[in-house]
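> Pasted the sequence and its predicted model underneath.
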2 protein chains.
Amino acid sequence: MGEVPRSHPRYNSLMGRKLLTEAAADGLLADSALIAHGRGEAYDYLLGETTCESALAAIKQSALLMKHAKRCVISVNGNSVALAAADLIRCAAVLQCPIEINIYYRTPERMTALNSRLEKVRHEVSEGGAPTDWKGDWQAAVSKVTILGIDPDSLIPNLEGPRANCCSAGIFSADVIFVPLEDGDRCEALVEMGKTLIVVDLNPLSRTARLATVTIVDELMRMAPILLSYLVNGVSFAPPEWDNEANLDNSLAVMLNHLAE
Amino acid sequence: MGEVPRSHPRYNSLMGRKLLTEAAADGLLADSALIAHGRGEAYDYLLGETTCESALAAIKQSALLMKHAKRCVISVNGNSVALAAADLIRCAAVLQCPIEINIYYRTPERMTALNSRLEKVRHEVSEGGAPTDWKGDWQAAVSKVTILGIDPDSLIPNLEGPRANCCSAGIFSADVIFVPLEDGDRCEALVEMGKTLIVVDLNPLSRTARLATVTIVDELMRMAPILLSYLVNGVSFAPPEWDNEANLDNSLAVMLNHLAE
């Protein structure tokens, strides 16, 4: 896959495809990761490949929850590292929270590859300058972001095998977890632990989307800079009680309208 | 990915995923093939993972066109070989038509791998017995199916580079082409050549779906045995003039209803 020009009307979609196939070649992804990405592409196509109003509301709500968490953690898998590692590290630096690598098909090789990639991207983010409007010592803030996951010391109850592994300093003790692209079983287990769970899922009908506290129905590369901006600048309104089901139905309506046209 | 039990409610979908990831490991697929499969999975989910009435009508229409063709050819790529090589060879044996490997990202390695896979599956199909209700010498019928594509000697006009390659004994001289999972550019070029084009595409809004003569909005593994059965037994009705756009709209309506529920 060649270079994608910024001016291409489907730049984001084509760039996502390029990043994912490169990440697969680099050993960051499980076998089924590209298929999962393709499912996302199809739903994003139905969304019109833009951040809809209900997604924007969900991003604002997420920024509020993450900023006011006692212990926030950002949980990443291969796809989210491939698509949005830099912006997720920026979010962690602004929040001063850890990032935990937590993957469904856990192998030592993939965990090591993901850890190395995140360390490399953290260095680039540190060198690359602070987000617009952020005040303070950016390099110091980025250097304080811990990357967890490679040495798990806790288990998520109600999950079997390696996918139950997590870190006590991360997912296990967090009250708010931002976890893009999570699978249904683990989403359910985390909600059962009493966590406030924020997910990014392009399928508003998925089990993950329906179980999470806040579901952002949007493409990760597109929503990550928006989330970062709300984390830096704050959210200027006090939202009413969050109704995730109603918000999901609004996203679904966008897809329905797009199909019906 | 482990064994998928036949009794699993999503057997077909999980088996497709397994076949595709195995084909990728075997070097049969381009980088973006798994992503394309994932897009198909998402649309199939919206279809309810069943063959809808409009798909069945399109399969019947396709069987009629293929049986009454002067020169029919079945054009395959990596994904269609991975998912349905055996049933497509059975269809070719019943029709006594060639199969042509015609892939978008053509490399000698992939062409050779696909050719070897098809030769292997043809042998298995020959040994495996005739389809129900088929009369004649099955092994002789299967042995007469030529597998084209590895030595292209013609070009599809209006396409650039290796993707224009085709065989004079196959796609170039055919009047009816059955080509599951075709891309939009090549679909357009083949229609411009005056071909009757039958495609299998789970996205009723895709350019391929909208350009083809007959579009079967169905999953390839699920529709292939149905097509085979119509090719063996004939279609018992004379359909009215084929309205592909109306048929596509019916498939779209199935998805809309499924989303709206």
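Ah, there it is.

> Which residues of the stretch 151-261 of chain A lie near chain B?
Within the stretch 151-261 of chain A, the positions adjacent to chain B are A:203, A:205, A:252, A:255-256, A:259-260 by CB under 8 Å from any CB of the partner chain. For every residue, glycine as well, the C-beta is placed using N, CA and C.

> Can you name the helix or strand that the residue in the stretch 101-250 of chain A that chain B sits nearest to falls in?
Closest residue of the stretch 101-250 of chain A to chain B, CB to the nearest CB: A:Asn203 (7.1 Å). Using DSSP states H and E, A:Asn203 falls within no helix or strand.

> what about A:Asn12, distance to B:Ser32?
Per CB to CB, to the nearest Å, A:Asn12 is found 16 Å from B:Ser32.

> How about the residue of the stretch 101-250 of chain A closest to chain B, nearest residue that isn't a chain neighbour?
Excluding the flanking residues, the one nearest A:Asn203 by CB to CB, 6 or more residues apart in numbering or on different chains is A:Tyr43, at 5.1 Å.

> before we move on, what about A:Glu188?
A:Leu211 (5.5 Å).

> so what pLDDT did the one you found get?
As predicted, A:Leu211 sits at a pLDDT of 96.

> That one and A:Val191 touch, don't they?
Yes - under the criterion of CB atoms under 8 Å, A:Leu211 makes contact with A:Val191 at 5.5 Å.

> what is in contact with those two at once?
Residues touching both A:Leu211 and A:Val191 (CB atoms under 8 Å, 6 or more residues apart in numbering or on different chains): A:Leu197.

> The two: which has the busier surroundings?
A:Leu211 (20 against 16; other CB atoms under 10 Å in any protein chain shown).

> contacting residues around the more buried one?
Neighbour list for A:Leu211: A:184, A:187-188, A:191, A:197 [criterion: CB under 8 Å, 6+ apart].

> what's near enough to touch the residue nearest the centre of chain A?
By CA atoms, centre = their mean, chain A has its centre lying nearest to A:Pro180, at 2.8 Å. Residues in contact with A:Pro180 (CB under 8 Å, 6+ apart) are A:76-77, A:79-80, A:84, A:88, A:199-200, A:220.

> A:Leu65 too?
By CB under 8 Å, 6+ apart, the contact set of A:Leu65 is A:176, A:196, A:198, A:213-214.

> just to revisit the earlier point, could you redo the contacts of A:Leu211 as CSV and give each row secondary structure, pLDDT and distance to B:Leu155?
Output for the contacts of A:Leu211, formatted as CSV (DSSP: H, G, I helix; E, B strand; the rest coil; pLDDT from 0 to 100; distance: CB to CB, whole Å):
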residue, secondary structure, pLDDT, distance to B:Leu155
A:Gly184, helix, 90, 48
A:Cys187, helix, 94, 51
A:Glu188, helix, 95, 54
A:Val191, helix, 96, 57
A:Leu197, strand, 98, 54
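
> among those, which ones are buried?
A:187-188, A:191, A:197 (16 or more other CB atoms under 10 Å in any protein chain shown).

> Pull the most distant pair out of those residues.
Greatest spacing in these, by CB to CB: A:Glu188 and A:Leu197 (9.6 Å).

> how close does A:Leu14 sit to chain B?
As for A:Leu14, its distance to chain B is 10 Å (criterion: CB to the nearest CB, to the nearest Å).

> same question but for A:Gly48, I mixed them up
12 Å.

> Burial check on that residue, number of neighbours?
A:Gly48 has 13 neighbours, counted by other CB under 10 Å.

> Quick check on it: phi, psi?
Note on A:Gly48: its backbone torsions stand at phi 80, psi 10 [degrees, to the nearest 10].

> In contact with it, which residues?
A:254, A:258.

> And A:Leu228, by the same measure?
A:Leu228 touches A:87, A:90-91, A:94, A:131, counting by CB under 8 Å, 6+ apart.

> Return the distance of it relative to A:Cys91.
5 Å.

> Can you name the next helix or strand after the longest helix seen in chain A?
Taking DSSP state H as the criterion, chain A has its longest helix at helix A:108-127. Of the helices and strands lying after helix A:108-127 in sequence (DSSP H and E), the nearest is helix A:138-143.

> helices or strands next to that following helix in the packing?
The contact analysis (3 or more CB pairs under 8 Å, 6 or more residues apart in numbering or on different chains; DSSP states H and E) places helix A:138-143 against helix A:78-95, helix A:108-127.

> got a list of contacts for stretch A:19-30?
Contacts of stretch A:19-30 (CB under 8 Å, 6+ apart): A:1, A:33-34, A:37, A:78-79, A:81-83, A:103-105, A:109-110, A:113-114, A:117, A:221, B:31-32, B:35.

> can you map out the helices along chain A?
A:11-25, A:33-47, A:53-67, A:78-95, A:108-127, A:138-143, A:184-192, A:207-211, A:220-233, A:244-260.

> can you list the ones you listed in TSV and add distance to B:Val235?
TSV is the format used below for the helices of chain A (distance: least, CB to CB, whole Å):
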stretch	distance to B:Val235
helix A:11-25	39
helix A:33-47	31
helix A:53-67	46
helix A:78-95	44
helix A:108-127	50
helix A:138-143	66
helix A:184-192	41
helix A:207-211	40
helix A:220-233	46
helix A:244-260	30
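
> which stretch among those helices comes nearest B:Ser143?
Closest among those, once you apply CB to CB, is helix A:33-47, at 35.4 Å.

> so which residue of chain A comes closest to chain B?
A:Gly38 (2.1 Å).

> That residue and B:Asp44 touch, don't they?
No - A:Gly38 is not in contact with B:Asp44 according to CB under 8 Å; the separation is 11.6 Å.

> Any buried residues in stretch A:162-177, and which?
Those would be A:163-167, A:169-172, A:174, A:176-177, for stretch A:162-177 by 16+ other CB under 10 Å.

> Neighbour-wise, give me the winner out of the contacts of A:Leu65.
In terms of neighbours by other CB under 10 Å, the contacts of A:Leu65 top out with A:Ile198 at 28 neighbours.
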